[in-house]
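Chemist: just coords:
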């Protein structure tokens with residue numbers, strides 16, 4: 001019997017994770033642990049908290065740097081605090097967060113904002129950055145861990161603020177695309 005209705009999705013995502021671990025036996029062990037911590041958190045809080053694509057990316061970081069017990073405690077705490085809006089049954093709360101990206105950019109750099117407005121690009125390109133705390137897009141564990149330290153010590157919207165900062169930092173490259 002399944003612990004929650006999303007367990008099949010969790011298992012498929014877990015099987016596609018932890019490629020930074022080169023040792024196959026260790027990767028298999030860590031995937032088993034990853035599956036347990038994710039399924040335990042989701043089962044405990046479902047339907048208030050739901051699994052989302054990318055949750056396993058965040059959980060993977062914890063399972064790579066902590067033992068299973070601590071990884072579970074971190075994931076549970078993070079889920080009921082910083083990630084709770086990501087874990088609603090619909091994507092609406094994260095969509096509302098994404099709607100803040102371009103107004104933030106407009107406040108910081110109107111020229112970059114106008115570039116996006118003119119190009120009619122939607123903020124969806126930053127979805128995986130925000131949902132996974134950049135862990136889906138960065139393949140250096142040390143850098144991911146530093147970002148996680150920063151996000152854990154910050155406001156829940158900090159991944160959004162960092163996204164805006166990265167975009168502004170990439171201004172020259174973006175404007176070269178015009």
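Modeler: All right, it came through fine. All figures in this text were calculated on a predicted structure; none of them were measured in a lab.
Chemist: for the least confident helix or strand in the chain by mean pLDDT, packing partners?
Modeler: Taking all helices and strands of the chain together, the one with the lowest average confidence (mean pLDDT, DSSP states H and E) is helix 171-175, at a mean of 91. If you count contacts as 3 or more Cβ pairs under 8 Å, 6 or more residues apart in numbering; DSSP states H and E, helix 171-175 packs onto helix 110-119. In short, each C-beta sits where N, CA and C put it, glycine included.
Chemist: which other residues reach the helix it packs on?
Modeler: 102, 105, 106, 167, 168, 171, 174, 175, 177, 178 (Cβ atoms under 8 Å, 6 or more residues apart in numbering).
Chemist: show me the residues around the nearest residue to residue 130 once chain neighbours are set aside that make contact.
Modeler: Of all residues beyond its chain neighbours, the one nearest residue 130 is residue 159 (4.6 Å), with distances taken as Cβ to Cβ, 6 or more residues apart in numbering. With contact taken as Cβ under 8 Å, 6+ apart, residue 159 is in contact with 129, 130, 133, 134, 151.
Chemist: And the contacts of the one helix or strand the first one maps to?
Modeler: What that stands for is residue 129. Element membership for residue 129 (DSSP states H and E) is helix 127-131. With contacts defined as Cβ under 8 Å, 6+ apart, helix 127-131 is touched by 52-55, 86, 94, 97-98, 136-137, 159-160, 162-163, 166.
Chemist: Can you select the buried ones among the residues you listed for me in ChimeraX?
Modeler: With 16 or more other Cβ atoms under 10 Å as the criterion, this ChimeraX line picks the buried residues out of those:
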select :52,54,55,86,94,97,98,136,159,160,162,163
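Chemist: Show me the contacts of helix 127-131 that map onto helices.
Modeler: 55, 94, 97, 98, 159, 160, 162, 163, 166 (DSSP state H).
Chemist: would you turn the residues you listed into CSV with pLDDT and distance to residue 23?
Modeler: Output for those, formatted as CSV (pLDDT from 0 to 100; distance: Cβ to Cβ, whole Å):
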residue, pLDDT, distance to residue 23
55, 97, 24
94, 93, 34
97, 95, 37
98, 96, 37
159, 97, 30
160, 97, 35
162, 97, 32
163, 97, 33
166, 97, 32
